[in-house]
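> When you get a sec, could you give me coordinates for this:
(one chain, ligands or ions: 1)
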Amino acid sequence: MDWGKANRISKVIKQDGNCFYLAMDHGYFQGPTSKLENVGKAALPLLEFVDALFVSRGVLRSQIPPTIETPIILRVSGGTSMSGGDLSHEGITTSIDEMLRLNVSAIGISVFVGSEYEHDSILNLAQLVNWCEPYGIPVMAVTAVGREMEKREARYLAMACRICAETGASVVKTYYCENFDKVAIGCPVPVVIAGGPKTENDFEVIEFVYKGIQGGAIGVNLGRNIWQNERPRAMACALRSVIHERHNPKQAFEVYESFER
Ligand code: R5P
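Okay, here's the model as predicted:
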């Protein structure tokens, strides 16, 4: 691997082989999202706990100070909205020049396997990998389920992850599910998990992140279950202890409970 790509990867996958990405890209198709009305305000108190921040270029330029040390993973797909038609009808929104100008450590694109726009979506990923490889920019493929939450099961996610990896993604983001080890084993590149809608209780989040890592994920790309939590810094600190300090759910929950109020 060329020095540039290895250097970027070392920023987003830490020396212990694990990673913690804070996902704050939701506005790109949802618009203002509860607790994410101002991404900058929501992000800055959390950055000390995470390894990278996942945002779009508009938010990056307008709300994130260029002096931050946290690596950026740039969301580069879009073109749909919650009030429009099919969420899977995405295209690539950002040129390679922009990615380089913004000095990002990696980029992220959604891939909608099994959707009406599956073909375009997979070719978007292929196109991005073709653009990014010569410059050493790692691509994170996001296995998107759109509104179809029932797709969050091992058989579908294993297929989606494998296709993303075979198409050239350096990392694949997927969801935790029952039999998650089947998803991770079938994917030849590292897998990270997302959270989805906020869970009923706080322990549940810590537990599924722990189980995901036990099942083979190297970390998380997590959003709502952190910044929609009543105590986002406490949750970020607890999750960091699972990801980088090998805490079990009970130990991590103690971190959450005892975090400064
Ligand atoms: C969807 O908006 C994005 O891909 C998010 O980055 C991803 O779903 C992670 O966020 P959450 O944990 O809120 O699902």
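> what's the spacing between the closest residue to D25 other than its chain neighbours and the ligand?
What sits nearest to D25 in space, not counting adjacent residues and going by C-beta to C-beta, 6 or more residues apart in numbering, is R75, at 4.0 Å. No exception for glycine: its C-beta is placed from N, CA and C like everyone else's. For R75, the distance to the ligand equals 7 Å [C-beta to the nearest ligand atom, to the nearest Å].
> From what I see, S110 and V145 are in contact.
No - with contacts counted by C-beta atoms under 8 Å, S110 stays clear of V145, the gap being 9.6 Å.
> circling back to that earlier point, bridging residues for the residue nearest to D25?
Note on R75: beta-bridge partners by DSSP bridges are S56, G108.
> ok, how many other residues are close to it?
Burial measure for R75: 28 neighbouring residues, criterion other C-beta atoms under 10 Å.
> Likewise for the one 5 residues further on?
For T80, the number of neighbouring residues by other C-beta under 10 Å comes to 20.
> That one: what's its closest spatial neighbour, skipping adjacent residues?
Distances taken as C-beta to C-beta, 6+ apart place L87 nearest to T80, at 5.0 Å, with adjacent residues excluded.
> C164 too?
Distances taken as C-beta to C-beta, 6+ apart put A141 closest to C164, at 3.6 Å, once the chain neighbours are dropped.
> following the host helix or strand of the one you found, which helix or strand shows up next?
Under the assignment given by DSSP states H and E, the secondary-structure element containing A141 is strand 139-143. Reading on from strand 139-143 to the C-terminus, the next helix or strand found by DSSP H and E is helix 154-167.
> Residues in contact with that next one: which ones?
For helix 154-167, the external contacting residues (C-beta atoms under 8 Å, 6 or more residues apart in numbering) are 111, 113-114, 122, 125-126, 129, 141, 143, 151, 172, 174-175, 177-180, 182-183, 186-189, 191.
> Just the buried residues of those residues.
A residue is treated as buried here by neighbour count (16 or more other C-beta atoms under 10 Å); on that basis the buried members of the contacts of helix 154-167 are 111, 113, 122, 125, 129, 141, 143, 151, 172, 174-175, 177, 180, 182-183, 186-187, 189, 191.
> Mind checking which of those residues land in strands?
Within the buried ones among the contacts of helix 154-167, residues falling in strands by DSSP state E are V111, A141, T143, V172, T174, Y175, V191.
> Sort out which one of these lies nearest the ligand for me.
Within these, proximity to the ligand (C-beta to the nearest ligand atom) peaks at Y175, which comes in at 8.0 Å.
> Excluding sequence neighbours, find me the nearest residue to the closest one.
In space, and not counting its chain neighbours, Y175 is closest to R152: 4.6 Å by C-beta to C-beta, 6+ apart.
> how about the helices in the stretch 151-261 of the chain?
For the stretch 151-261 of the chain, the helices identified by DSSP state H, counting those that start in this stretch occupy 154-167, 180-185, 202-214, 224-227, 232-245, 249-258, in order along the chain.
> Okay then, goodbye and thanks.
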